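**Student:** Pasting a predicted model and its sequence here:
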Amino acid sequence: MATVILSTDLARAHTDGETNFEVEAATMRSLVRMLNERFPGLGPALGEGMAVAIDGQIYHDFFLEEIGPDSEVCFLPAIEGG
Amino acid sequence: MAKTHVMTTINGEPVEFLCDTRQTLLDVLRDELGLTGSKEGCGSGDCGACSVMVDGRLVCACLVLGVEAEGGDVETIEGMADGEKLDPLQQKFLENAALQCGICTPGILIAAKALLAKNPDPSETEVRYWLAGNLCRCTGYDKIIRSVLEVAADAKGA
Amino acid sequence: MAADGGNGYRWIGKRTIRPDGVDKVTGRANFGADFALPDMLVGKVLRSPYPHARIVSIDTSKAEALDGVKAIVTAADFPEITPENATFGSSPPNYRDMSRNLMARGKVLYDGHVLAAVAAVDSAAAIAAIGLIAVEYEILPHVTDVVAAMRPDAPLLHDDIFTAGAGPKPEKPSNVAKKVAFKLGDIEAGFAEADVIVEREYRTEGIHQAYIEPHAVVASAGADGQVTIWCSSQGHFMVRQYCAGLLGINIADIRVTAAEIGGGFGGKTTVYLEPVAVALSRKAGRPVKMVMSRNEVFRGTGPTSGAAISVRIGAKRDGRIVAATAELKLMAGAFPGAPIQPACMCAFTAYDIPNVEITGYDIVVNRPKTTAYRAPGAPISAYGVESALDELAQKLDIEPLALRERNAARQGTRTAYGPTLGVVGFEETLQAAREHPHFKSSLGPNQGRGIASGFWFNVGGESSSNVHVNEDGTITITSGSPDIGGSRASLVIMAAEVLGIDVDRVRAVIGDTASVGFNRHTGGSRVTFATGMTVVQAAEDIVVALRKRAALTWDIDVEAVIWEDGEARPAGDNAGKFEALTLRDIASQTPKTGGPIGARRSIMAQNPGAAFATHICDVEVDRETGQVKILRYTAVQDAGRAIHPGYVEGQIQGGVVQGIGWALNEEYIYGDDGCLQNAGFLDYRIPVASDLPMIEAVIVEVPNPSHPYGVRGVGEVPIVPPMAAVANAIHDAVGLRLTDLPMSPPKVLAAFDSES
């Protein structure tokens, strides 16, 4: 079961403030799909300007990434530099 | 408005050009003569990126009119190296990584050369105050100052 | 030739001469304004003299009639982008805002806002034509202060901005475009536990990147709609993409060449002149060159935000921080987009704090639209947080450095924005600072020492490179990352290291948008990391190819061939007795062994290594004039691995000095009329050589596991600590706690006065 942590703002907008979830998924694509099924509208929001940290490693381009059985998946705003 | 015909010397070569009396020496160097090594950072004499020598004096080319070059002696960055042989300042800047984007570099090299011609053994403070008219936003000036001091020290030791 | 630089590498860590260096010291290098095309016109723009006004009418007829004028454009010549089409692709900019920013539509929103552009045969004609464009304005009330802009009765810039992220959509529009929040733990419980609390408010002003090279472009549109652009930019692929999106042109029909760039620091990660020059060129049927004046750069291009900050930190008596909040109100300029996310996300990341709450507001004001500036947002929140930590240290009677050591974040520490930190080197920077002779050196009267730390994520992103073996065994790298700090030197070092050859036999060029795959713009401290990775990978592919060619030549298995010290050698005696083949040998035989050898890599570089820094600053305060002199500055930073130490030091020194300018002198000054009063280098005062001492850059190396050589981005984090380091030093020197940037002489004197 992967542990998903949503950012405060996404939680407020889509999940009534709940930030932590358990999701059974082996890839990011299916994880996002499942979150969207649970909270319609969350899926597209996760694809807009968000990055993901899988077990602490940050990915901007994350839909193809695989998730381990005990992975921690955090959604965070994608950052540009200067 | 009719243009003025000017005859001058640039980096040791006789040069003539036509210019509007309102054009600055910087405009003339860059737009009429294709000598784009001197840069325009501000157009008002605040940044030093257009530093050149006119009759042995360090000036901002954006504060000199093109017509004022008549009969004079202009030295720009393009004349600093001798063919493939770099001036010690140019070489030292490369060795010390004393440039990053490089836009201020021509002006700083001209200014530094003018300093060493006048004061071959400057203190760090003297170098800093001399170069206070040349803005650099990339390097924080550290490696630039070190390079000028090292060139002076090398010349002293030589 | 097996040279060991002393660190196990042949070239990594060596201070080589950068491959593009000679051109830069001889004036040969071509920057944006140095380019010209035959038959070229000069373009100039008309800028609003008012901070906020409705455009009633624009009459260009007199200007069009002027001799030498070949084209005039206004918003009417740009496709109108509707809100539904404002963004496309994933994580894009807002094209509607960008379009209205570079060419005002309906309203002008800041002093300097462009509303028309002219192309004429020369500068004089273009300027005269600009003067003949008649605009009727209906002047509206304006607001340039970030707190004032939040009031319900503030002049409204846009009637379609309804604060996003604040719960249900508000009934009325406002100037607050967005609110963001980050929460960790239980903030009330946290503060309840605290023995000591510090609470303080701070203010900062708009600050410009102040690159010495003004924006410049030459654009040439052909009769078939194909466009070539020459410009200095941090991202020529970005320029191509934005021009395509703003003007409705196919991306393949635009080709952009990156000129050498005279500084960017984030300010050249967007477009201002380029689409305008293209539009003019299309209308005139001739190339158009446009170069900004210094005045235009200040009035018309993105500074970074000024802000109102409040910070509250609570700790136990033993120095453990138990709770921290920050509220950050950042000005976005005329259109939304202040860097509130990174400002919030970086605020407390250097510290392991169990209960954190950070709120950020993106607020529009009648000023130029903000653009990125070196670690966007992070220096702003760091000024508040690192100053508050200093006050906390004093209240607790703990040494400021010790307070940081006690609470330092490390691998596994949970951040306020979600994930835990990976391998990081913050503690190592604290240790190096403590052990540095600067830390223990003595101070005189009116002199003081300040400590501050900082964090920046660094960015990965798309990079593409081509690496080719030339017929004589030399190597050409074609990358797509404009070089703003000497990155070509690092790319060449990395390729030479992998291939085992002399660094002088490798050259790096920056290809135009048609010559190499997509590259995200240069920024975010990404190039040595991401583009470097593509070069290393491509060089490794080439090594495989070289081994195959040797195997073919010797008629043995490729497994039996090794590549060592720039040569192919049999793996052992069993492989056979063959003379080693150098790169040059193999290259010269390629027509007989399978053709040219080259490799291409296009990647999305993930998981950049974060960077931490700790700075020590000594100042002397003149009680009579209020001047603050920087006596000594030491900047310790974790670079992961310094590919070229000279250029890493340069990034650190440059960032520190920009931070010092931000701390002491730089600010945007607006009058009551809403117009910018100091749009030039005389009065927008950046540090000059006589203001500063040498800046000691100390590189610590805690390698980043995601990069083949351990590289972490270095360019941005150095600007994060200086403002607080200087503020803390001033406090140590004369007991003044300055909470309003810049800490310029009038403010220091006023603080002395209000003390007495």
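**Tutor:** Received the coordinates, thanks.

**Student:** The residue in chain B that chain C sits nearest to and residue C:33, how far apart?
**Tutor:** For chain B, the residue closest to chain C is residue B:37, as judged by C-beta to the nearest C-beta, at 2.1 Å. For the C-beta atoms, the positions are set from N, CA and C on the backbone; glycine is no exception. Using C-beta to C-beta, to the nearest Å, we find residue B:37 at a distance of 12 Å from residue C:33.

**Student:** just residue C:61 next, same as before
**Tutor:** As judged by C-beta to C-beta, residue C:61 and residue C:33 stand 31 Å apart.

**Student:** what's the longest helix in the chain?
**Tutor:** Here I'm looking at chain A. With secondary structure taken from DSSP state H, chain A has its longest helix at helix A:28-38.

**Student:** um, chain C though
**Tutor:** helix C:532-554.

**Student:** Contacts for the helix or strand following that one next, please.
**Tutor:** Counting by DSSP states H and E, the next helix or strand C-terminal to helix C:532-554 is strand C:561-564. Here strand C:561-564 makes contact (C-beta atoms under 8 Å, 6 or more residues apart in numbering or on different chains) with C:500, C:543, C:546-548, C:550-551, C:554, C:568-571, C:575.

**Student:** Mind picking the lowest-pLDDT entry from these?
**Tutor:** Scanning the contacts of strand C:561-564 for pLDDT, the smallest score is found at residue C:575, 81.

**Student:** Run through the residues that contact that one.
**Tutor:** Applying C-beta under 8 Å, 6+ apart, the residues near residue C:575 are C:556, C:560-561.

**Student:** can you give me how far whichever helix or strand comes after the longest helix of chain A is from the chain middle?
**Tutor:** Downstream of helix A:28-38, the first helix or strand assigned by DSSP H and E is helix A:42-46. The chain centroid and the centroid of helix A:42-46 are separated by 9 Å, computed with C-alpha atoms, centre = their mean, to the nearest Å.

**Student:** what is the mean pLDDT for helix A:42-46?
**Tutor:** On average, helix A:42-46 scores 91.

**Student:** tell me the phi and psi of residue B:48?
**Tutor:** Phi and psi for residue B:48, reported as degrees, to the nearest 10, are phi 80, psi 0.

**Student:** And it, how close does it get to residue B:37?
**Tutor:** Distance from residue B:48 to residue B:37, counting by C-beta to C-beta: 14 Å.

**Student:** and if you look at residue C:154?
**Tutor:** Taken as C-beta to C-beta, the span from residue C:154 to residue B:37 is 49 Å.

**Student:** same thing with residue C:407?
**Tutor:** 52 Å.

**Student:** These two: which is more packed in?
**Tutor:** Taking other C-beta atoms under 10 Å in any protein chain shown, residue C:407 and residue B:37 do not tie; residue B:37 has more neighbours (25 against 20).

**Student:** can you give me the strands in chain A?
**Tutor:** Taking DSSP state E, the strands of chain A run over residues A:2-5, A:20-23, A:50-54, A:57-59, A:72-77.

**Student:** by contact count, what packs against the third one?
**Tutor:** Read that as strand A:50-54. strand A:57-59, strand A:72-77 (3 or more C-beta pairs under 8 Å, 6 or more residues apart in numbering or on different chains; DSSP states H and E).

**Student:** Need the winner for burial among those.
**Tutor:** Of all the helices and strands packed on strand A:50-54, strand A:72-77 carries the top mean neighbour count, a mean of 22, counting by mean count of other C-beta atoms under 10 Å in any protein chain shown.

**Student:** That one pairs with which strands?
**Tutor:** Paired neighbours of strand A:72-77 in the sheet (DSSP bridges): strand A:2-5 (parallel), strand A:50-54 (antiparallel).

**Student:** so how many other residues sit close to residue C:737?
**Tutor:** Neighbours around residue C:737, by other C-beta under 10 Å: 14.

**Student:** you'd agree it is up against residue C:391?
**Tutor:** Yes: the pair formed by residue C:737 and residue C:391 meets the contact definition of C-beta atoms under 8 Å, at 6.8 Å.

**Student:** Return every residue with contacts to both of the two.
**Tutor:** Overlap of the contact sets of residue C:737 and residue C:391 (by C-beta under 8 Å, 6+ apart) consists of residue C:200.

**Student:** Please name the nearest non-neighbouring residue to residue C:728.
**Tutor:** Closest residue in space to residue C:728, ignoring its immediate chain neighbours: residue C:450 at 3.0 Å, by C-beta to C-beta, 6 or more residues apart in numbering or on different chains.

**Student:** picking that back up, dump the strands of chain A to JSON lines, plus mean pLDDT.
**Tutor:** Below are those laid out as JSON lines (pLDDT from 0 to 100):
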{"stretch": "strand A:2-5", "mean pLDDT": "94"}
{"stretch": "strand A:20-23", "mean pLDDT": "93"}
{"stretch": "strand A:50-54", "mean pLDDT": "92"}
{"stretch": "strand A:57-59", "mean pLDDT": "89"}
{"stretch": "strand A:72-77", "mean pLDDT": "94"}
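
**Student:** Now do the nearest residue to residue B:53 once chain neighbours are set aside against residue B:43, distance only.
**Tutor:** Using C-beta to C-beta, 6+ apart and skipping residues adjacent in sequence, the residue nearest residue B:53 is residue B:75, 4.0 Å away. For residue B:75, the distance to residue B:43 equals 21 Å [C-beta to C-beta].

**Student:** before we move on, what about residue C:217?
**Tutor:** In terms of C-beta to C-beta, residue C:217 sits 18 Å off from residue B:43.

**Student:** Contact partners for the residue most central in space within chain B?
**Tutor:** Closest to where the C-alpha atoms of chain B average out (C-alpha atoms, centre = their mean) is residue B:110, at 3.2 Å. Applying C-beta under 8 Å, 6+ apart to residue B:110 gives the contacts B:51-53, B:58, B:75-77, B:80.

**Student:** Could you rerun that using 6 Å?
**Tutor:** If you count contacts by C-beta atoms under 6 Å, 6 or more residues apart in numbering or on different chains, residue B:110 has them with B:51, B:77.
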